[in-house]
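fold the following and give me the result.
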Amino acid sequence: MIKLRVNDLDIEVEEGLTVLQACEKAGAEIPRFCYHEKLSIAGNCRMCLVEMEKSAKPIASCAMPAADGMVIKTNTEKVEKARKGVMEFLLANHPLDCPVCDQGGECDLQDQSMFYGIDKSRFKENKRYVPEKYMGPLIKTQMTRCIHCTRCIRFATEVAGVPELGAIGRGEDMQITTYLEKSMKSELSANVIDLCPVGALTSKPYVFEARPWELKKTETIDVMDAVGSNIRVDTYGWEVKRVLPRINEDINEEWISNKTRYACDGLKNQRLDTPYFKENNKLKEVSWSRAYEILKDKIKNTVSEKIAGITGDLTNMETMYSVKEFFDKILKSKYLDSRSEDIFLNLSDRENYLFNSSINGIEESDLIILIGTNPRFEATMLNARIRKSYLNNKTKIYSFGNAGDLTYDYEIIDNTTTELNNIFEKKGDLYQVLKNSKSPLIIFGESFMKLKSAYYIFEKCKSFFKEHENNYTNDWKPINILSKNASSVGSYDLRIIYTEDGYSTVLKKINNNEFDIIFLFGQDNINFKKNNEFVVYIGSHGDNGADMADLILPSPAYTEQDGHFVNLEGKIQKAYKASYPTGSSKEEWEIINNISEILVNKTLFKDKDYLLDSMKNYLKLNASAKYNFHPNLNLVKENIFIDDIDYYYSNVVARASKTMRECRDAMIETKKTGTEG
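Numbers count the residues shown, from 1 in each chain. Next comes the predicted model:
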């Protein structure tokens with residue numbers, strides 16, 4: 001700890017902090033444009049000037065390390081004059097277009113010029129003009145407003161791992177550009193919009209949509225992947241206008257992926273707002289009472305063994321629990337699952353399906369082994385943490401098979417189960433590396449869990465680390481499962497699977513056309529050849545599930561109801577209602593309640609609070625419940641493949657989004673030109 005004096009206040013701070021950070025700990029506010037806690041120090045803008053004893057000139061507090069015995073003043077006349085001078089320089093070329101600028105109302109330059117600037121300028125020269133740049137379908141540029149803080153360049157290079165932004169020219173002729181006028185290739189690129197302290201980089205899809213003070217702001221959870229990023233949803237009336245990140249250092253820090261930010265326009269397209277019934281191969285609108293009657297007739301004439309259900313990838317826990325109760329108590333069917341792909345699951349221990357090291361723990365690792373996963377597309381924010389660990393700790397990274405560009409260097413290992421098994425049999429070079437590691441991280445993807453040897457290798461991995469557990473400190477848990485979907489871990493906690501060998505028995509029977517009625521609860525990713533099954537789709541969008549359905553019952557999207565989700569590391573988070581459902585759609589638990597009442601003259605739940613209490617009790621009682629199955633106990637020689645992921649079309653909301661389609665087209669175009677070039 002070091003001692004210094006800030007504005008006549010003696011404080012003690014950790015060694016390694018800057019003067020700016022020390023001043024903030026003392027309660028002094030320091031203006032800044034270029035400085036950002038998550039980026040390297042640039043010292044460009046000079047707005048953070050403070051006075052230091054024995055220094056002839058003011059110092060840039062963001063770039064000066066705090067030292068023992070320093071005496072700092074942040075509010076003297078000299079500092080005030082310096083800041084006014086800096087602000088005068090910054091505004092010398094800035095256009096006076098605040099009324100038409102999308103940054104208006106939440107602009108750092110606007111706020112700080114009001115507080116620290118002056119009401120006149122000594123500059124009489126003509127203002128410069130900088131031509132606009134193309135940065136893809138998400139980022140709108142007006143580079144005449146740019147003040148050269150270089151936050152966007154540092155973010156692209158350091159956090160996103162795509163050094164495509166840079167500066168050309170010098171002095172007044174300096175310009176921030178992508179050099180080749182191409183779309184930025186990062187799934188994190190739109191975070192530069194939040195970072196830009198002026199209106200140089202703004203949101204292209206959101207242009208001229210609304211002002212910040214017109215929007216209703218709701219803090220909630222993202223469901224585009226299993227990370228559970230903390231977000232804020234801004235709505236104007238019914239419509240979701242934009243999604244912004246919320247700071248959560250344990251999960252997404254202060255970044256979000258482009259899909260999280262921009263898929264929200266899919267919430268207003270292809271929506272289901274009334275029940276439909278298929279007659280003569282054509283869907284016709286029906287009333288809710290008629291829809292329930294049709295369903296009642298079908299269920300009454302079908303034995304329970306011929307009824308199956310699959311829950312969806314964006315389904316909240318309340319819905320899944322009500323579905324489970326419906327299948328257990330009303331339909332008396334055991335054929336309910338949450339998997340749209342035939343992946344192996346062992347629910348005997350919660351650690352078998354969690355990211356046990358935690359997202360934060362990635363930064364402590366000294367070795368990462370990727371097995372059947374592409375974290376860049378499966379969990380973008382988690383991939384950003386891996387890159388951070390790679391940069392800060394020089395972490396060694398290995399991948400079984402080529403995962404493509406992950407934004408960091410990694411070594412490719414022969415992608416066979418035999419090669420992987422050799423590590424746990426204590427053979428080969430990688431075994432030596434793993435044995436000597438103090439905080440290794442093994443990440444199994446869902447692609448690996450499709451293998452016939454999944455159970456055998458996973459158990460060998462567990463035995464290996466149990467044998468070497470004395471090598472690690474602080475209860476380090478090296479084995480991690482990377483789930484793809486927001487609903488996955490919650491569905492496993494609720495035991496929404498049916499299996500005989502660890503794989504999905506329900507999917508096998510569906511593919512063999514063994515059911516008469518199939519319920520799809522927001523499930524749009526399942527593919528099977530339909531025979532004579534009566535398919536009931538309960539969901540929000542007219543996508544794959546609705547396309548094959550005989551009866552459609554509309555329900556709200558994830559922003560239109562309260563619901564709980566469990567992220568891949570096992571944290572339960574609540575998503576809050578930000579908007580209102582379309583048309584006559586009803587929440588899934590209400591639909592299930594109504595069907596129950598029609599079938600047995602009794603509802604399952606009094607209200608949603610009763611449902612929530614019942615679900616919490618179930619989770620407490622079944623936390624340690626065992627699941628009996630008969631897994632494959634042998635090693636099968638096979639390749640560990642990595643699924644191709646259509647990143648911008650991964651779920652029903654994204655597929656309905658015009659912005660996601662533009663991003664997908666830009667990504668395909670970039671790949672083409674990159675290959676040809």
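
just the strands from the stretch 101-250 of the chain, written as ranges.
Using DSSP state E, counting those that start in this stretch, the strands of the stretch 101-250 of the chain run over 139-141, 166-168, 175-177, 201-203, 216-221, 230-236, 239-245.

hey, where'd the strands end up in the stretch 401-550 of the chain?
For the stretch 401-550 of the chain, strands defined by DSSP E, counting those that start in this stretch occupy the ranges 411-413, 440-445, 479-482, 517-521, 534-539.

columns distance to E53 on top of these, output as JSON lines?
No exception for glycine: its C-beta is placed from N, CA and C like everyone else's. Listed next are the strands of the stretch 401-550 of the chain as JSON lines, based on distance: least, C-beta to C-beta, whole Å:
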{"stretch": "strand 411-413", "distance to E53": "52"}
{"stretch": "strand 440-445", "distance to E53": "47"}
{"stretch": "strand 479-482", "distance to E53": "51"}
{"stretch": "strand 517-521", "distance to E53": "68"}
{"stretch": "strand 534-539", "distance to E53": "66"}
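
quick revisit: the strands of the stretch 101-250 of the chain: which one's closest to E253?
For the strands of the stretch 101-250 of the chain, proximity to E253 was assessed by C-beta to C-beta; strand 239-245 is nearest, at 8.4 Å.

so what secondary structure elements neighbour the closest one?
Counting by 3 or more C-beta pairs under 8 Å, 6 or more residues apart in numbering; DSSP states H and E, the packing neighbours recorded for strand 239-245 are helix 191-195, strand 230-236, helix 258-262.

give the buried residues for that strand.
Across strand 239-245, burial judged by 16 or more other C-beta atoms under 10 Å covers V240, K241, R242, V243, L244, P245.

listing partners with orientation, what would you give for that strand?
The pairing partners recorded for strand 239-245 under DSSP bridges are strand 230-236 (antiparallel).

the partner strand to strand 216-221, inter-axis angle?
150 degrees (axes from the mean of the first three to the mean of the last three C-alpha atoms, to 10 degrees).

what lies in contact with strand 230-236?
Strand 230-236 is contacted from outside by 209-210, 212, 214-222, 240-248, 251-252, 256, 260, 264, 559, 573, 578-579, using C-beta atoms under 8 Å, 6 or more residues apart in numbering.

report the residue spans of this structure with pLDDT below the cut-off.
The chain contains residues with pLDDT under 70 at 473, 623-625, 673-677.

could you pick out the longest helix of it?
Ordering each helix of the chain by length in residues (DSSP state H) puts helix 658-676 first.

residues in contact with it?
Taking C-beta under 8 Å, 6+ apart as the rule, helix 658-676 contacts 136-138, 182-183, 185, 205, 258-259, 262-263, 265-266, 269, 646-649, 654.

which of those are buried?
So, by 16+ other C-beta under 10 Å, the buried ones in these are 136-138, 182-183, 185, 205, 258-259, 262-263, 265-266, 647-649, 654.

so which of these are in helices?
Per DSSP H, helices hold the following members of the buried ones among the contacts of helix 658-676: N258, K259, Y262, A654.

turn the residues you listed into a markdown table, including distance to R5.
As requested, these are exported to a markdown table (distance: C-beta to C-beta, whole Å):
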| residue | distance to R5 |
| --- | --- |
| N258 | 45 |
| K259 | 48 |
| Y262 | 48 |
| A654 | 54 |
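
between those residues, which sits nearest W476?
Distance to W476 across these (C-beta to C-beta) is lowest for K259, with 31.3 Å.

find the nearest non-adjacent residue to the closest one, please.
M224 (4.8 Å; C-beta to C-beta, 6 or more residues apart in numbering).

so how far is D524 from that neighbour?
According to C-beta to C-beta, to the nearest Å, M224 and D524 sit 14 Å apart.

looking at those two, which one has more neighbours?
Neighbours of M224 and D524, each counted by other C-beta atoms under 10 Å, are more numerous for M224; the result is 28 against 24.

look up how far I359 lies from that one.
16 Å.

likewise for S657?
Applying C-beta to C-beta, the value for S657 to I359 is 26 Å.

cool, L382 as well?
Using C-beta to C-beta, L382 is found at 6 Å from I359.

cool, F344 as well?
Distance, F344 to I359, using C-beta to C-beta: 23 Å.

equivalent analysis for V433, please.
According to C-beta to C-beta, V433 and I359 sit 23 Å apart.

between the two, which is the more surrounded one?
More neighbours surround I359 than the other of V433 and I359, with 26 against 17 (other C-beta under 10 Å).

so what sits against both of L382 and I359?
Counting by C-beta under 8 Å, 6+ apart, the contacts common to L382 and I359 are V227, L568.

burial of V162, as a residue count?
Per other C-beta under 10 Å, the neighbour tally for V162 reads 18.
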